[in-house]
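Engineer: My questions are about this predicted structure, shown below with the sequence.
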Amino acid sequence: MNTAQLGKDLTSQLKLSGSTPASSRPSTPQLQESKKLIPRKELLEKVQQTQNEDISLCVVGHVDAGKSTILGRLLVDLGEMTSKDHEKNVRNSDKSGKSSFAYAWAMDDLVEERERGVTLDYAVTSLRTSNGKVLNIVDTPGHAHLVHNMISGAQQADAALLIIDARKGEFEAGFSPRGQTREHALLIRSLGVRDLGVVVNKIDSVGYSKERFDEIVAALTPFLLKSGFNKERISFVPCAAMTGENVTKRSHKVLESWYNGQTVAQVLDQFEAPRRPFEAGLRLPVHNIFKGQTAIASGVGVSGRLCAGVIQVGEKVRCMPGDEFAIVKMIEVDNDSVPFASAGTNVTVYLANIDPINLSIGSVLCSPTDLVPLASKFIAQILLFDINIPILPGTTFEAFIHSINTSASVSKLIETVDRNTGAVLKSKPRVLTGNSAARVEMSIGSQSLTSQSGSNTPSNNSIPVEKFTDNKDMGRILLRHEGQTVAAGIIVDYMR
Ligand SMILES: Nc1nc2c(ncn2[C@@H]2O[C@H](COP(=O)(O)OP(=O)(O)OP(=O)(O)O)[C@@H](O)[C@H]2O)c(=O)[nH]1
């Protein structure tokens, strides 16, 4: 079961059971940390020694480009999924008249996803590359109306595969101004992804044509460079996920006649894990909340990616915003129980002594002695994409900041700045237009975080944020307007 599913299951459970009113809750035992905590110095040494080189990879691209199929193929060909399990998927997908989805079923394990043949939520799985690195892979949905789920998935990524459908008309549709190839590429770069593998998939459908591959590379390269990717960190690979051609090996004569570059698996091999801020204060933005169902994994479960610091079993954590503390009962990484986890890891943490009503998607777990700042306003340096709508004071956006999805409006246009140097071009502009860069003051909407009781936090519009210079993952912002991603930026300052 993937984390996304867990969240769904438990969210529905929470709805069923409701949240216990404080008055009828059994009195909680004294909230005390375990006496057996590993001292911080020792803990940091352990993290340093075991510093995992795991990489979070997200797989993005236009709807039906073949994202799930490529991942399914990698899982099978790299031995992560047994041939017995794969054969079961082949039989079952055949029975439902969806035999072309046999590989995609390795990823799309929600019933509705299988029935509709689309990825709805993001799914996490892990894979060991041929050179032994562990990739935590997030398969994200391609549909335009599921961009929220795609952003949640991509927020956890260090590197990305952008899947392109090579077929005539299909690449063009994905790369059109409203297509997801463009939007996803911009989004992942804005979310901090630097390493990119561009997989030109379904090359079998275009007769393994070199001309078509070159045409796609030539069209995408200037756009990717303009979006902020570095040429040295982009790899283009032709492949046919369906037949397995150039996923882990190459055998097709036509493809071999003109291509001797990397396979998709070799592109994965070359991705490097970035240095993680594990010595900084704990920051765990909550992506999902659910109820632990077993005797061991009981209490309130939250999942997300550690943006900074280390979390250990037995420790007391503060849940922000709010005044609540909780004790970490159990930590799971990749379905295994672990004593501690450090920055860069996707974790599920079971908490004791807290009512889920006090947690929201977007809450941040931190150390009681190193609290994450809360802000109702912030100053962001934003880069506007190629858009036609003018941005004026008062324009309201849907803002994405770590695991938060909230409304935020421009309260002041401070200045426009040079995209490359950051030098001020004009103070107090009246309007911002497409492709410009600016510093703006933004105010968070009044209903910023939704608690698990279903009610929005009344009148409290403070959210946990940090300056980008203090924590990259906590200080990035993406802005959407009327269903379109219009800008990305970084938080340079904030006010309570
Ligand atoms: N001919 C051909 N078809 C492919 C290839 N890869 C995937 N397909 C087919 O394309 C369709 C979509 O594949 P998926 O893997 O579900 O695509 P997706 O990008 O994950 O879809 P969403 O997550 O819904 O956006 C399926 O029918 C696949 O069998 C390929 O290399 N060649």
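Structural biologist: Done, it's in.

Engineer: Quick check: residue 478 vs the ligand, distance?
Structural biologist: 20 Å (C-beta to the nearest ligand atom, to the nearest Å). The C-beta positions use only the backbone N, C-alpha and C, and glycine is treated the same way.

Engineer: Tell me who's in contact with that residue.
Structural biologist: By C-beta atoms under 8 Å, 6 or more residues apart in numbering, residue 478 lies in contact with 151, 187, 190-191, 399-401, 485, 487-488.

Engineer: ditto for residue 429
Structural biologist: Residue 429 is in contact with 413, 415-416, 438, counting by C-beta under 8 Å, 6+ apart.

Engineer: Okay, domains of the chain per the record?
Structural biologist: According to the TED database, the chain comprises the domains 55-270, 283-366, 374-447+460-495.

Engineer: Now mean pLDDT and distance to residue 44 too, for these, in CSV please.
Structural biologist: CSV is the format used below for the domains of the chain (pLDDT from 0 to 100; distance: least, C-beta to C-beta, whole Å):
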stretch, mean pLDDT, distance to residue 44
domain 55-270, 82, 21
domain 283-366, 90, 7
domain 374-447+460-495, 88, 18
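
Engineer: what about the residue in the stretch 151-300 of the chain positioned nearest to the ligand, how many residues close to it?
Structural biologist: Closest contact between the stretch 151-300 of the chain and the ligand, by C-beta to the nearest ligand atom, is at residue 242 (3.3 Å). A count of nearby residues for residue 242, using other C-beta atoms under 10 Å, gives 19.

Engineer: One more: the one 3 residues further on?
Structural biologist: Around residue 245 there are 22 other residues, counting by other C-beta under 10 Å.

Engineer: May I have the beta-bridge partners of it?
Structural biologist: residue 240, residue 249 (DSSP bridges).

Engineer: Looking at the contacts of residue 429, which is nearest residue 201?
Structural biologist: residue 438 (37.3 Å; C-beta to C-beta).

Engineer: Can you pull the phi and psi angles for the closest one?
Structural biologist: Torsion angles at residue 438 (phi, psi; degrees, to the nearest 10) stand at phi -160, psi 160.

Engineer: can you pull up the bridge partners for the residue nearest to it when sequence neighbours are not counted?
Structural biologist: Residue nearest to residue 438 in three dimensions, not counting chain neighbours: residue 416, with 4.7 Å by C-beta to C-beta, 6 or more residues apart in numbering. Beta-bridge partners recorded for residue 416 (DSSP bridges): residue 426, residue 438.

Engineer: and residue 416, how far is that from residue 430?
Structural biologist: 11 Å (C-beta to C-beta, to the nearest Å).

Engineer: swap in residue 368?
Structural biologist: The spacing between residue 368 and residue 430, counted by C-beta to C-beta, is 46 Å.

Engineer: same question, residue 237
Structural biologist: Separation of residue 237 from residue 430 (C-beta to C-beta): 46 Å.

Engineer: These two - which one has more neighbours?
Structural biologist: Between residue 237 and residue 430, residue 237 has the larger neighbour count (other C-beta under 10 Å), namely 22 against 9.

Engineer: Next, that one: secondary structure please.
Structural biologist: strand (DSSP: H, G, I helix; E, B strand; the rest coil).

Engineer: got the contact list for it?
Structural biologist: Contacts of residue 237 (C-beta under 8 Å, 6+ apart): 197-200, 246, 261-264, 267.
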